[in-house]
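[1] for reference, the sequence and a predicted model appear below.
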Amino acid sequence: MTTEVGSEAEVKKEAEKLEPDTAKEKPEEASESLENQKTEETEETQDSSSSPVPTSQSSPTSRKERDPSEGKGISRFLPPWLKKQKSYSIAEPKDEAKKKAEGDEHVEECERQLPEEVAELKGEAAAENHQTKTDDKEEEKHSVSSAETQPAKEDSKEIEVEKVTEEPEEKLEEETGKRETKEVQTTEIKMEKAPQKAPKKIKTVQCKVMLLDGTEYSCDLEKRAKGQVLFDRVCEHLNLLEKDYFGLLFYENSDQKNWLDSSKEIKRQIRNFPWLFTFHVKFYPPDPSQLTEDITRYFLCLQLRQDIVSGRLPCSFVTHALLGSYTLQAELGDYDPEEHNSDYISEFQFAPNQTKEMEDKVVELHKTHRGLTPAQADSQFLENAKRLSMYGVDLHHAKDSEGVDIMLGVCANGLLIYKDRLRINRFAWPKILKISYKRSNFYIKVRPAELEQFESTIGFKLPNHRAAKRLWKVCVEHHTFFRLISPEQPAKGKFLTLGSKFRYSGRTQAQTRQASNLIDRPAPYFERTSSKRISRSLDGAPVGITDQSLLRDLSATAAGPTGDEAAVLAKLKNGESREEDGSPIKSPPLELTQDGKNNSLKVDGENIYVRHSNLMLEDLDKTQDDLLKHQASISELKRSFMESTPEPRPNEWEKRRITPLSLQTQGSSHETLSVVEEKKRAEVGIEETVVINEINEGKIQVAIDGGEPCKVEQLSKKDSSSTSSESSSSSESEDEEVGEYQPYHRVTEDVIREEKEGNEDAKEVEGYTAKVVQCVESVIEGSKEKVSIGHAQVAEESLVEGNAVSGTPEEKSFTEEAKQDLREEREEEQLKINGDLSHIGIDVKPQIICCSEPPVVKTEMVTISDATQRTEISTKEVPIVQTETKTITYESPQLDGSAGGDAGVLLSAQTITSESVSTTTTTHITKTVKGGVSETRIEKRIVITGDADIDHDQALAQAIKEAKEQHPDMSVTRVVVHKETELAEEDEG
Amino acid sequence: RQGAAHHAVVRALPESVCQQALRVEKGGAVDFARAEREHQLYVGVLRHKLGLQVLELPADESLPDCVFVEDAAVVCEETALLTRPGAPSRRKEVTEAMKIALESLNLNVVEMTDENATLDGGDVLFTGREFFVGLSKRTNQRGAEILADTFKDYAVSTVPVHDSLHLKSFCSMAGPNLIAIGSSEGAQKALKTMQQMSDHRYDKLTIPDDAAANCLYLNIPNKGHVLLHRAPEEYPESAKVFEKLKDHMLIPIANIELQKVDGALTCCCILINKTSEL
């Protein structure tokens, strides 16, 4: 905790090296992000009031200081990750005190990362820089002694800068690892900003992959590499061309296997360090003889041997013996009485429970295979193995509707239902119309049987939501791979599809066969390594155990001195934004600093970047009663929503949202609104608005709050149209909760029918937006407090970055100013966005509705303006009320980066309002597709109204809590607190 | 290979079959002499016409149903599962003579010891690719599970059987990949179930009479497809259907007497095809 020197030096070093003018902030921010991750871990559970808010008062530009009490009051009830705002209200480059304060965290951070770094760096170890070494020593000393001197810092800093610039390729040793952390991260930021200035260091992570022959492949990957990169590397290492049958598995909780999605970043998928995968057959070819290359068959054999020994692929005694004998033939060649003495066999394992009798049988059969080449022996092995009933069946535990334990098996032909070992049902892909999941339930909709008229939906209960989703994904993938000619395109705009947009994106079997036909290379040489090794390591144990031992081994080697450090690493990793199923987040936490550089809104110290953990929000399975209640409320919601569909009456928030600011005060069409607001105004003493935006997948979207009027209008039109046309679906919020897949979407010629089904689906798969009732424009008495909360599935752990801002528009002029500022900022953002619009054309089909402009988040500013305007209006009819308005935005860092980085296609949008005694909740749900990846964004605006008696902070905290509970799979990425307080006239006077 | 066999186990019929054999519904009395003749003809075809090595177990008067050896054991490749017949009176058929006979053939004999399990071989249809097990009055889920455990290579699917004694009371294999199925509603329903359960598409041969749908298919070297089916005198319409099978050597067999006690063609033998030498 004493080594601020090191970090400080690094910071400066980096700053100078990368961008002398502005960069100082960046490392700072980066360090903050790290720190936040960490602090979040520790503080997550603490009562927020008890945890100190360091340096909150030391931020010179934080307007929040104008009314610190207010902010504190709120922060007291905010989750810790939100509360962090104050500390980082602004990145003040010269703020020495702050740096020091963070230094501690910083070094600690670096140290924790050390093992990982070391591992990485070792890989590239080469020329050693002596100066570096000495510096390192110096650094070490510094870090040991808490009383550090400024000059020393400066020294080390300069030296390091030199070092970096002179020897960009230098390989750092363990000791430099700490500092390297810093450097690498900054470099990454740099990359984001200016790719042309190629980074000298890329942060890499070591990946280990257990191969099918029992060996381990490891490589260093760029931290943000997609799964495909690793997979390609592994296949390259294996000299495997027909790779579409294979995949990389990683394990959650040591027994939950997950497929690494090639199209997504690795770090968004795997939770734990070290990155540990197993290379595995994903799609078992029903006819292995159709594989083009022997080497592919060989790997399939290896997989099957594993499957057999682990018991995953049950065989009879005879089959064990027969397959074993082919294995011997392939690996040892012809039986040789001299070489193959009686013991040679016992080194192999052929079955989970191998007996002497079986070994004898294997030997006996081995003798009969004389003359078979290894490739022929493999082929024979496969010909026999493919007939096994469980060949290629991916089993999942489930319960049927009566709670009976069953197994669901996904295979090339469809879905198999087992009870114990018995097949009790089977649904071939052609029979299945739709596959969906909702929470822990998995549903298939089945074509009507010959004499039946109606499709039936069959539900299964999976152990948990993750399992349901996993099963669903496996089904989608298997169906696509084995049944389709080409993968399904991303969901089209014209259909409303709910939930996860996951689709298999790889090649189908048909495609890979086609591609395989083009393979034109001499049969690659490869060595059939003995299956002894695997066999022994597996040791007949169940599958899970294998993997556990694997994990154990790797963590021992990779994690460094202590397991604790590995754990810390894992946690840090979690701190990075991650999503379970989302698209890659284009802008990592560090994006933040980019904004700092841009001098945009965030730099002005008006935002707090919040990121927090999905882990903490893991849904607890609700009881049946809950579900029923929920269903009831959903139908209620649906009904009310349907009723209001013809002319949806926008609620106050929506009206503002869709109404250009300029019109709002002038246009006659909006007078009604004004009046309503007047009424409210008259009695409002305090208005607090808290907007918590949670975005899916870390992309910006949502609250379209003004900006350039015309554009806003455009957007709002789309919003309303999609809302009305798709009003029956209230589940859009549940990206993670539900997913559906219609195998025949593409195949069916009857489009109308498909659409119909789509609508039905919408009803069926309704999400659970809690109890929501259509309720618009109610007059609220007393003070108001608005909390708008959205959800995203992205961020896993909170990461507080950015700055808090509080404005106190007590005068009109000030408001005007604020408005102006906002405009500018918005324009800036829009510029960014427009610049990226070209991407849309690439990713999106022509018929898809394109947003001419992605939604921009600037809610807080609009709120301020509105508030003021309303105040003005109200003053005409009611006693003059002086109000104080304050806005604080808490935001997740990836927000901006993604906003700039990607545009999307708006699929749907809807707004739901509900009201309770003192709160009005407006839920706005938008779904967009960006580059084939769906994104659901829920924005909730909660207006908490009441007079001083109400504990607004408490209410706000409750609102946030509820929001989190409602959408456990999403995370809060943005919170805007807008508080309007009526100042007592007497006081003012 | 479906239908391949080199051994067959049969059992002589005891006189008690006439009076004490179990039957679903009361019918005419069994003419023992005629029944015996029919059975001898049947065994003669297997032994002489088809060249199988027939192991004929002696009758046991205390076991009136012992001629129906099919119910006592399920043999697939080198493994024989001794069943636990659903009818308690038949349990002894399994434990004594049959066990010894199968062991003498060097089969890997598995016994069904679970007292909660019942399984009649007549409920087990092996298609060459998979098993279908009828869940009937005689066979329960547990019995089917043990069967699945015994023959791990194969999928074992269950088929509810309500209206008949056994699954094979209305169906059987009539060729490789060919299922002979009766025309009754229950039979057709069962076929649908089997078709749904299977990854494989079977051809079906619909037989007008359920009882005639139980036929015995063999694949004999140098003779090819051989089908023992019910005689035209018994089921003329059904016989016509079998006669359309041009690739098969058709051997009509009369089974008038044993049918009175629910006996069918498959019931009276266990076919054994061990791939490796004994």
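    Good, I have the coordinates.
[2] report how many residues lie close to the residue of the stretch 401-550 of chain A found nearest chain B.
    Residue of the stretch 401-550 of chain A nearest chain B, by Cβ to the nearest Cβ: residue A:421 (3.7 Å). In short, each C-beta sits where N, CA and C put it, glycine included. A total of 20 residues lie near residue A:421 under the criterion other Cβ atoms under 10 Å in any protein chain shown.
[3] show me the shaky parts of the stretch 151-278 of chain B.
    Scanning the stretch 151-278 of chain B for pLDDT under 70 picks out the ranges B:275-278.
[4] now the strands for it?
    In the stretch 151-278 of chain B, the strands defined using DSSP state E, counting those that start in this stretch lie at B:155-160, B:171-175, B:178-182, B:203-207, B:216-220, B:224-230, B:249-253, B:270-272.
[5] please identify the most buried of the ones you listed.
    strand B:171-175 (a mean of 26; mean count of other Cβ atoms under 10 Å in any protein chain shown).
[6] helices or strands next to it in the packing?
    strand B:124-126, strand B:178-182, helix B:185-197, strand B:203-207, strand B:216-220, strand B:224-230 (3 or more Cβ pairs under 8 Å, 6 or more residues apart in numbering or on different chains; DSSP states H and E).
[7] nearest to residue A:279, of these?
    helix B:185-197 (33.3 Å; Cβ to Cβ).
[8] quick one: list the elements packing against the closest one.
    For helix B:185-197, the packing partners by 3+ Cβ pairs under 8 Å, 6+ apart are strand A:422-428, strand B:130-135, strand B:155-160, strand B:171-175, strand B:178-182.
[9] what about 6 Å?
    For helix B:185-197, the packing partners by 3 or more Cβ pairs under 6 Å, 6 or more residues apart in numbering or on different chains; DSSP states H and E come out as strand A:422-428, strand B:155-160.
[10] tell me the mean pLDDT over stretch B:16-27?
    Over the span of stretch B:16-27, the pLDDT mean works out to 83.
[11] buried residues of that stretch, list them for me.
    For stretch B:16-27, burial by neighbour count (16 or more other Cβ atoms under 10 Å in any protein chain shown) applies to B:16-18, B:20-22.
[12] ok, stretch B:126-137 next?
    Neighbour-count burial for stretch B:126-137 flags B:126-137 (criterion: 16+ other Cβ under 10 Å).
[13] and of those, the nearest to chain A?
    residue B:130 (6.6 Å).
[14] specify the beta-bridge partners of the closest one.
    residue B:155 (DSSP bridges).
[15] pLDDT wise, what is it at?
    For residue B:130, pLDDT reads 94.
[16] how close does it get to residue A:416?
    12 Å (Cβ to Cβ, to the nearest Å).
[17] what's the answer for residue B:200, then?
    Distance from residue B:200 to residue A:416, by Cβ to Cβ: 13 Å.
[18] also residue A:425?
    Relative to residue A:416, and taking Cβ to Cβ, residue A:425 is found at 8 Å.
[19] any chance of the buried residues of stretch B:16-27 in TSV, plus secondary structure and distance to chain A?
    As requested, these are exported to TSV (DSSP: H, G, I helix; E, B strand; the rest coil; distance: Cβ to the nearest Cβ, whole Å):
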residue	secondary structure	distance to chain A
B:16	helix	35
B:17	helix	33
B:18	helix	37
B:20	helix	34
B:21	coil	30
B:22	coil	26
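[20] how about the residues you listed, which pair is most distant?
    Counting by Cβ to Cβ, the most remote pair of these is B:18 and B:22, 12.4 Å apart.
[21] hmm, residue A:242 is touching residue A:298, no?
    No: contact criterion Cβ atoms under 6 Å: residue A:242 and residue A:298 do not qualify, at 11.1 Å.
[22] how about the residues of chain B near chain A?
    Contact residues (Cβ under 6 Å from any Cβ of the partner chain) of chain B with chain A: B:78, B:144-145, B:148-149, B:152-158, B:196-197, B:199.
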